[in-house]
Structures are given as structure tokens and as C-alpha cells.
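Quick one, what's the 3D model for this:
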Amino acid sequence: MSAATADHLASVRQRMLQALIRRRAAGWLLPLLPAAALASTAALPPTAPLALAAAAMLWAAADFALWRKRIDQHLPAWLNDAIPELEDSSAMLAAAPDTPLGTLQRNRLLARIDQALDEERLRAIASNKARFNTVPLALAAVAAACAWAYAAAHSPQRIAAPGGSEATKAAIAKAGLSLHAIPPAYTGAKPSEGAPRDLQVPQHSKLRWCAHGADATIELSDGRTLQAGQGACEELLASDSLFWRSRKDPGQRYTIRVTPDQAPQVAISAPNESVTILKPDAQSAQITVSVSDDYAITKATLHMTLARGSGENIRFTDKESPLPASADPRKRSWSKQWMFKELGMEPGDELYFFVRASDNAPVPHIAQSPTYTLRLPGAQGDAQESTALPSMVKQENLRSQRQIIIDTEQLVADMPRIGATELRARSEKIAGDQAKLRLRYGQFLGEESSLFGGDEHSEGDGHEHGGGAAPGPGGFGTGDIAAQFGHAHDQEGNATIFDPATKEVLRRALAAMWDAEKQLRAIAPKPALPPEYKALGAIKELQQAERVYLHRTAFVPPAIKEEKRMSGDMAGAASYRRAQGAASELVPVEVRELVQALGGDAALPALWSKAAREAVAGISDDEQRLAAQASVQDVADGCLPCRAQLRAWLRTTVQQPAVLLQARPQAQTRFGKVLQGKEAP
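Next comes the predicted model:
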């Protein structure tokens, strides 16, 4: 192949490549238009349109390299299809044939190709092979739309003032400022933008002041100052209510009230009592709960604990059920008729349940309802009357109250058939069992003496009359001193840790047992039955308070460092003795001097505004704190009548100090020592 022939083929490829570039240029340049549109969006960082433009240019370079490779591979076939004058012999242009006939045909093609392959045919080949591709343009448009939507979601939306957009623009131009409020995303509240005005925003909202036309200085109520340059913005995270003003118009204050995020509110409407005793034949129970929040509820669960058993043999089973979400994310309610079979609840069991809920705050607020109890009574014959107090162990020779009733009823039924001797023996035996049971329950009310001994009554008489106590100094007897200053731990009713209601039930049971015992010892078993049943009822009432469910709130001490134990190393150990603290100052020195200076027209102390703002910052009420901060600002502006108001606000911030017990120093003189008998005169 000659050099001229090679140069001629290279020029054909070059012309074909130029035609394809002109064909594909529109597809390469159009994806850059969305990038240019994004560049005009001020809310987006400049990296977003640059990234989109770089992606479009990278795709154009890859597409150019692909079509250049296709021209090198498929150009002879394209020429044969588009130019009949080449007689399907375009491949002979790439390599010289070996035969004379082939050489003749190649020379004929070289003579025709310049005339046959004009610009019009090149454009036709390019249009046929490289059609317009809309995929890159569509992808670029979608990417630009997503970026624009992101910018719109994270930038304040324009809300027209009541007077319309023109009035809003006029107010912004007059103030030279615009105020943007961007609530936290989890609240779902819409951002706002407009002229300076009073606002009410959720807690942790982002406030942005933007200057228009000239620099602007924003003075906040807590003493801070924001400098917004021309065409620039200053931001602040609103955590507490405040007011602000522009130094350009110091007489106009604007208040921004912050609404704190509240914890979820949990309510249980069924059952309506904290402890509900169900009917013995009940098969189900209604539980109705509702949870509400000011923004959204992320999680709400019903926690249930089933208690089974008695005494020390009590087993607890936990179950957790989520409350279903509703169409309104701020509310959840659930009402269900729970079947006891579904809960695994049997007669004698108790069900404790409560509701716990959390909201969608970054640091979730968690609320929990009180614990409610559903009590399903057991069968009358399955109860163990003698185990009303689980801390006691039943003795082998101690009969239960129910067994005493059974024995008494059997004795009443056998009275016509037995003699007087057997009747007396059996009645005395049942009375003895009743006495033992009475003494056992009497231990919990401080009864320590025997039943029939004379010590009990004589001891009671001695306590009652107390005639043997000699009067002490000042005319007071020792018995009176013990009654006034001592703790009567050995008296009946005080030697117990039970609450008054339980004590009253115990007294009622003991009184009934005593009445039954007197009838049995009088050989009258039939009149003994009513007090025996009365004692059984009191014992059953005690059993209802036997099982108590408490949440675990005990203190868990930190783990002991094993390497420190038994080492004698005292490094870092603190004394257990509490050091005597100095008496706290009632009023700080700066505040005291400021209050005194505010009483007149003299100059105020240096840095007085800092001390005043720190003092009024502790006021909990928002309205009062804002009013006190306004007084500080008014005094700083030179308002003399406002000094009395600031002085009054500063006085309200004075807190009563905590009471500290301090040792009183005493002078040890020789006269005092002689008076106390420590030295001889």
C-alpha cells in the first residue's frame, strides 16, 4: 500500500469522524443545561452543578471514543451500504490486492471515491448510524430535579404576608432584614420567611437573619449580638424564648416564643381502677389505652406481667405487645377484650400491666403509665388460709382455720351420739388449736405472752397503773419520759411493719378467734361457728394483700475493682466524714452592689449588664424572664425610671440559702473548766 493511498483513507476516516461529531454534538451538550440551571440555585452548594457537569462531560468523552472505534471497524461496510458506485469493494481500499485484476479494481475505486463520497452522503451515513440519544438528557434532568427538590426541602419557603408579596418585600426593604425560621425536620412544621415579626417556633428551630442593602446588627435579649453583613445571613438555634431588635430600629422589639417538645401522654380508660378484682367466673377483661404526642409517636407498647402462686413460690411471666399505629402519627389508641386463655391466666393469678411510649425527638422522650392490676380470685377450696403472711412457715401441729371449722361442724353433728366426757375433750382440743392459731397471728401485733397465764393480765395492769415509778428530777416520772421521748416498740400495734389497714384486719381476726375459743372452752361448739367463719373471712382478706408486684428500682452499686481489694492502696479514696461547708452568700456581691446602685441616679458598676443578665437568666417563667431582660436592655439604653423595675426583678432572683449545720466554737476558759468540774479551783 502506497503512502498516498494511506493518506487518502485517513482523510476519509477523518471526514466521517467530523460528520459523526456534528451529529452527536447536540446529545453531548444538552445534558449540561440542567447543570447550568442548578448553578443558579443559591441554596445548593457549588459542588452539585459542577458534579453534574463533570458527569455529562465524562459521558461525552466516552461516547466519542466509542464512535471513533466503530468508524475504524465498520467504515468499509458503511460505505458499501451507502455508495453503490463502490461496487461492494470498499474493503480493497484498506489493503492492496495480490492479483492484477484486484489492482485494476482498486484503482477504479480510488478514481471514483472523491466524487461519490461528498458531504451530503457523509451526513446521511452519520444520521443513519448515530441516532439522537435521549437517555443522558433524561438522566441529567432527573438528577437536577432531585437536587432542586433537596434544596427546596432544606431552604425556607416563602410565605406571603397578609398584605401580599409586595407588602412583604416593602417591609423587608424598610427593615433591611428578613427573618427565616426553620423548625426541626422531625416536627413536620413548615419553614417560614418574611419581614421581622413575632414568632412562635418549636424548640431547637434554626433562626436566620439575612441583611438586605446594608450591614445589620441584631441584639438579643440575653446580651448576645449577631452581625449580618450585606447579602449575608446569621443563624441561631432557638432553645429558649427570647426577644431581639435591630440596632437600626432600637425601639422595636420582636419576641420569639419557643414551644418545648412535650413527652407523650399516656391514658388508660379501662379498667378505671388501679386494682380491679374480677368475678370468679370471668373469662376476659377489657383493656383500653391511648397515647398522644405533639408531633409523632415512634413506639408504644403494652407491658404485661402475669403472677402465679403464693407465698414465696410466686412466678412472674412477662409479655410485651406493640400498640398499632393509626393514620394520625400523633395518636395511638387500642381497645381489646383480652381472653384469659390467650394470656394464660388462671384463677388465683394476677395481671399487672402498664403502657410505655416514646416520641420521634432526636433524644426520645419516654413516658410510662402507672401499673394497673387485674386480680382473678381463685377457688374457695384451693386457698391456704394459714399462709396469709408468706414470711411464716406453717408448723406441722398447727391446724388451719378452715380445718378448725370442719372439726367444729363435725362435733356439732356428733353431739347427739356422744357423751359429755367425749364432748368436753373434743371441744377443748379444738379450742387449743384455735388458741395456737390465734397466738401465731398475734405475733404480728406484738403479742408475746401465753394465752392462759396470769402474766398477760398482770403485765397489762402494771402498764396501765404504772404506780411503781418514782418521780425523777423536775417532777417527771421515768414512765412519762419514756412515753414522751422513747419509741414504744414493745407495745401491741407498734411491734410490726404492717400498715394500719392490715393491722385492723389482724385485730378483727384475733377478736373473732378469741370469741370462738371462749365458746369452745364453754362446751358450746355451735355458737363458736359464727366467729370462726368471721375469722376465716378476715384471713382471706389478708391473703388478697399477700402478693405484691414492684418495679425494680433498687440501687445497683458500681463493680468493685478486684485489683484494689485488700491492697491497702488509699490513692483516690475520700474520707467518709462530711466537711463543714462555709455559709453560702445570700446575694452575690455583683448583684448586691448593682441593687444598691440602681436605687439612685449614680453611675452603675462596671460590667453591671453581664451580672444582671446572669441573674435574671435563672427565672423559670418565660414571660417573667423576657420582661426582666427587657428591663436590663432599657436601663442600658439610659432609661432612668426603668431602674426601679430592674431592681425589683433582681430582688426576685434572690433564693433562700440552704440551712447548714455549723459547729459553734466555744472558748475554753479556766473558770468554765472549774464550773464543769474538769479542774480544781
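
who does the lengthiest helix in the chain touch, helix- and strand-wise?
The helix of greatest length in the chain, counted in residues with DSSP state H as the criterion, is given as helix 47-82. With contacts defined as 3 or more CB pairs under 8 Å, 6 or more residues apart in numbering; DSSP states H and E, helix 47-82 has these neighbours: helix 3-29, helix 32-39, helix 119-129, helix 135-153. From N, CA and C alone the C-beta is placed, and that goes for glycine too.

By mean pLDDT, flag the weakest helix or strand of the chain.
Considering only helices and strands, the least confidently modelled element of the chain by mean pLDDT, DSSP states H and E is helix 454-465, at a mean of 37.

quick revisit: now the angle from the longest helix of the chain to helix 119-129?
Taking axes from the mean of the first three to the mean of the last three CA atoms, to 10 degrees, helix 47-82 and helix 119-129 form an angle of 110 degrees between their directions.

what's the model's confidence in helix 47-82, averaged?
Mean pLDDT, computed over helix 47-82, is 73.

Next: stretch 294-310.
So the average pLDDT for stretch 294-310 ends up being 89.

Next secondary structure after the longest strand seen in the chain?
Identified as the longest strand of the chain according to DSSP state E is strand 297-310. The element immediately downstream of strand 297-310 (helix or strand, assigned by DSSP states H and E) is strand 313-322.

what's that next one packed up against?
Using 3+ CB pairs under 8 Å, 6+ apart, the elements in contact with strand 313-322 are strand 297-310.

Helix, strand or coil: sort out the closest residue to Arg426 other than its chain neighbours for me.
Leaving aside its sequence neighbours, Arg426 sits nearest to Leu411 (CB to CB, 6 or more residues apart in numbering; 5.3 Å). Following DSSP: H, G, I helix; E, B strand; the rest coil, we place Leu411 in the helix state.

number of nearby residues for Leu411?
Counted with other CB atoms under 10 Å, residues neighbouring Leu411 total 20.

for it, what are its contacts?
By CB atoms under 8 Å, 6 or more residues apart in numbering, the contact list for Leu411 reads 423, 426-427, 430, 525.

Repeat the analysis, applying 7 Å as the threshold.
Counting by CB atoms under 7 Å, 6 or more residues apart in numbering, Leu411 touches 426-427, 430, 525.

Just the buried ones out of those, please.
Neighbour counting with 16 or more other CB atoms under 10 Å marks 426-427, 430, 525 as buried within the contacts of Leu411.

List just the nearest of those residues to Ala535.
Minimum distance to Ala535 across those is 13.1 Å, recorded for Ile430 (CB to CB).

Now do the SS call for that closest one.
Secondary structure assignment for Ile430 (three-state DSSP): helix.

wait, doesn't it sit right on Ile404?
Yes. Ile430 is within contact range of Ile404, at 6.1 Å (criterion: CB atoms under 7 Å).

which residue sits closest to Thr371 in space, ignoring its chain neighbours?
Distances taken as CB to CB, 6+ apart place Phe354 nearest to Thr371, at 4.8 Å, with adjacent residues excluded.

go on, Ile366?
On the basis of CB to CB, 6+ apart, the spatially nearest residue to Ile366 that is not a chain neighbour turns out to be Ser358, at 4.8 Å.

Below-threshold pLDDT in the stretch 351-500 of the chain: ranges please.
Residues of the stretch 351-500 of the chain meeting the criterion pLDDT under 70: 379-399, 446-499.
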